[in-house]
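> Quick one: sequence and predicted model below, then my questions.
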Amino acid sequence: MKQASVKERVCRNCKRIVVGDTCDLCGSTNLASTYQGLLIIIKPELSEIAALLNIKKEGYYAVKVK
């Protein structure tokens, strides 16, 4: 299990790893500091995993949020 650094947190709604107090993708403030697994999406339009997880924007995502 990875403990997020002081600056990065994980959105519990969309699992995007963000810096700050709000998610820049969905606008949620429901953030966690602990997560498991890291998924890096570079080209979501070409990624089968991004399609499976309904990820439309490139970035860093957690696999599991605590």
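Received the coordinates, thanks.

> All the strands of the protein, in order from the start?
All strands of the chain, identified by DSSP state E, fall at 2-3, 8-11, 17-19, 31-32, 34-41, 59-65.

> Quick one: distance of the fourth one to the chain centre.
With CA atoms, centre = their mean, to the nearest Å as the basis, the distance from the averaged C-alpha position of strand 31-32 to the chain average is 10 Å.

> partner strands of that strand, parallel or antiparallel?
Strand 31-32 sits in its sheet next to strand 8-11 (antiparallel), going by DSSP bridges.

> For the strand it pairs with, list the C-alpha coordinates in CSV.
Once non-C-alpha atoms are left out, strand 8-11 reads as follows in CSV (Å, rounded to 0.1, in the frame of the first residue of the first chain):
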residue,chain,number,x,y,z
GLU,A,8,-0.8,14.4,-3.6
ARG,A,9,-4.2,13.0,-2.7
VAL,A,10,-6.6,10.7,-4.5
CYS,A,11,-10.1,11.5,-5.5
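
> thinking again about what came up before, Serialize the strands of the chain to a markdown table and add fields for distance to S47.
C-beta: built from backbone N, CA, C; applies to glycine. What follows is the strands of the chain, written out as a markdown table (distance: least, CB to CB, whole Å):
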| stretch | distance to S47 |
| --- | --- |
| strand 2-3 | 22 |
| strand 8-11 | 19 |
| strand 17-19 | 17 |
| strand 31-32 | 24 |
| strand 34-41 | 6 |
| strand 59-65 | 11 |
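
> mean pLDDT for the ones you listed: which is lowest?
Taking each of these in turn, the one with the lowest mean pLDDT is strand 2-3, at a mean of 63.

> on that earlier part again, could you dump the strands of the chain to JSON lines with mean neighbour count?
JSON lines is the format used below for these (neighbours: other CB atoms under 10 Å):
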{"stretch": "strand 2-3", "mean neighbour count": "11"}
{"stretch": "strand 8-11", "mean neighbour count": "22"}
{"stretch": "strand 17-19", "mean neighbour count": "17"}
{"stretch": "strand 31-32", "mean neighbour count": "17"}
{"stretch": "strand 34-41", "mean neighbour count": "14"}
{"stretch": "strand 59-65", "mean neighbour count": "17"}
